[in-house]
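K.L.:
Quick one, what's the 3D model for this:
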Amino acid sequence: MTDDFVKLTPRKIVEGLDKYIIGQQAAKKAVAVALRNRMRRQRLSEEERAEIAPKNILMIGPTGVGKTEIARRLAKLCGAPFVKVEATKYTEVGYVGRDVESMVRDLMAAGVAMVKEEMQAGVEVEAARKAEERLLDLLLPGLNASVEPLGSSQATIVSPAPASETREKFRRLLREGKLDSRDVEVSVTSSGPTLELFAGTQMEDMGAALGGITNMFGAKRKKKTVLVSEALPLLKNEELEKLVDPDKIAQEARRRVEESGIVFIDELDKIANREGRGASGIDVSREGVQRDLLPIVEGSTVNTKWGPVDTTHVLFIAAGAFTVSKPQDLIPELQGRFPIRVELDALTGRDFERILIEPKNALVTQYMQLLATESVTLEFDSGAIARIAAIAEAANSQTENIGARRLHTVLERLLEEISFEADVMAGTTVKIDEAFVNSRFKDFTERQDLSKYIL
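P.N.:
Below is the predicted model of the structure:
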């Protein structure tokens, strides 16, 4: 936490987001301050810390301007458990469908996966060694020279046996990959039949209980014949599972989720009651989902199969276009749970130009990398970039504004023939200039007809 406090200052957080997201400085500052306040809270005493809750954020802006990407990159930047959910997926308690508490269970599942991956990385070398020994035992059943503890909690002390010359020869061949094509019979844990359950508190709890009953009787094992190259990863995964403690994983994951978890709720405007309309029909369910969200966002305890999770200090970032409805159409109590409101700007032609070339994962760079795999070199000049951006901006203004996603459509149309013929163009360099772009978008340059380039 001390290292993060030094490294992740608000300015550094914004700089980290700038590598992937163009513009939207107000939104970046808001999430940077929210993240920094979490770090400041960690430096307080236990008593002071309990009184400080995160200030949830509501991002308002058209589609394709970076709302989701800001939240996702923020979570990656600080290594926090993160989950993105759609508000429209949930139904009011009493209706068939997912209840709002399932977002906390999804967040906890993401936290468990994150912690498990970290813990397994720490014992990967040991797991690889054990898997290699098990594989050698299978390849050389009569020369079983490996000595392992009898149980995961027992420390068996034995004098090391002299290394078998044959075993070491096979070890060398195995590491060189010369045994990869041989078949070997391995015994692996069988997952058994799965039971599909409807989402919802009672049903999901039942699923967890059934899983617990299965574990009481022990997991079944089955034998299967696989190639040596396939057996090693299977055995390594089994050893990784044995070397990490699931209880410690759940404990650490729960701590991270409660202290630094981030839930991104998209399409919040879709569950708002339209202005001037009474609550009837589907609007009743919309308002019910809003009321169900209240205790989760404010702070409540949700039961998961890894134990109870308190959402008091989980950061909630909601987003919506709010073109038909307005934030004021949300019920007042929910409005109060999102005190920080940030409006994101619609993207301009200049923004599109920057999106094409500046981010770390810039679209132009992606296409160049893809075609380079077939030895085709793409070269874009500044005139082509400006023209692509102008066409995308015009398409958004004349049809539905889908933000930066329009660039995918335009680039796919622009490079369609090159992508199709790439296998016979190996070793060539294709220069993409303004004239090339105009030739591919002839209908637009002559008649301003964008109908072919809309999604």
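K.L.:
where does the chain dip in pLDDT?
P.N.:
For the chain, residues meeting the criterion pLDDT under 70 lie at 1-5, 91-97, 142-163, 190-219, 274-284, 444-455.
K.L.:
longest helix of it?
P.N.:
Longest among the helix segments of the chain by residue count, using DSSP state H, is helix 102-122.
K.L.:
Helices of the stretch 201-350 of the chain, start to end?
P.N.:
201-216, 228-243, 246-260, 282-298, 332-336, 349-357 (DSSP state H, counting those that start in this stretch).
K.L.:
Arg38: which of these is closest?
P.N.:
Between Arg38 and the helices of the stretch 201-350 of the chain, the shortest separation by CB to CB is 6.3 Å, and it involves helix 246-260. (Each C-beta comes from the backbone N, C-alpha and C, glycine too.)
K.L.:
which parts of stretch 259-277 are buried?
P.N.:
Counting neighbours by 16 or more other CB atoms under 10 Å, one finds that the buried residues in stretch 259-277 are 259-273.
K.L.:
which one of those residues is nearest Tyr90?
P.N.:
Ile271 (8.0 Å).
K.L.:
who are the neighbours in contact with that closest one?
P.N.:
87-88, 90, 286, 289-290 (CB atoms under 8 Å, 6 or more residues apart in numbering).
K.L.:
Helix 228-243 and the longest helix of the chain, what's the angle between them?
P.N.:
For helix 102-122 against helix 228-243, the angle by axes from the mean of the first three to the mean of the last three CA atoms, to 10 degrees is 110 degrees.
K.L.:
relative to helix 246-260, how tilted is helix 102-122?
P.N.:
Using the same axes, to 10 degrees: helix 102-122 against helix 246-260 is 120 degrees.
K.L.:
quick revisit: for the contacts of Ile271, which one is nearest Leu344?
P.N.:
Among those, and counting by CB to CB, the member closest to Leu344 is Ala87, at 17.6 Å.
K.L.:
Would you confirm that that closest one contacts Val263?
P.N.:
No: proximity of Ala87 to Val263 does not meet the contact threshold set by CB atoms under 8 Å, at 11.1 Å.
K.L.:
Tabulate the helices of the stretch 201-350 of the chain (a markdown table), appending distance to Ser45.
P.N.:
Formatted as a markdown table, the helices of the stretch 201-350 of the chain follow (distance: least, CB to CB, whole Å):
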| stretch | distance to Ser45 |
| --- | --- |
| helix 201-216 | 35 |
| helix 228-243 | 36 |
| helix 246-260 | 15 |
| helix 282-298 | 23 |
| helix 332-336 | 28 |
| helix 349-357 | 45 |
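K.L.:
Can you say which of the ones you listed is nearest to Val123?
P.N.:
helix 228-243 (4.3 Å).
K.L.:
Determine how far the closest one lies from the middle of the whole chain.
P.N.:
25 Å (CA atoms, centre = their mean, to the nearest Å).
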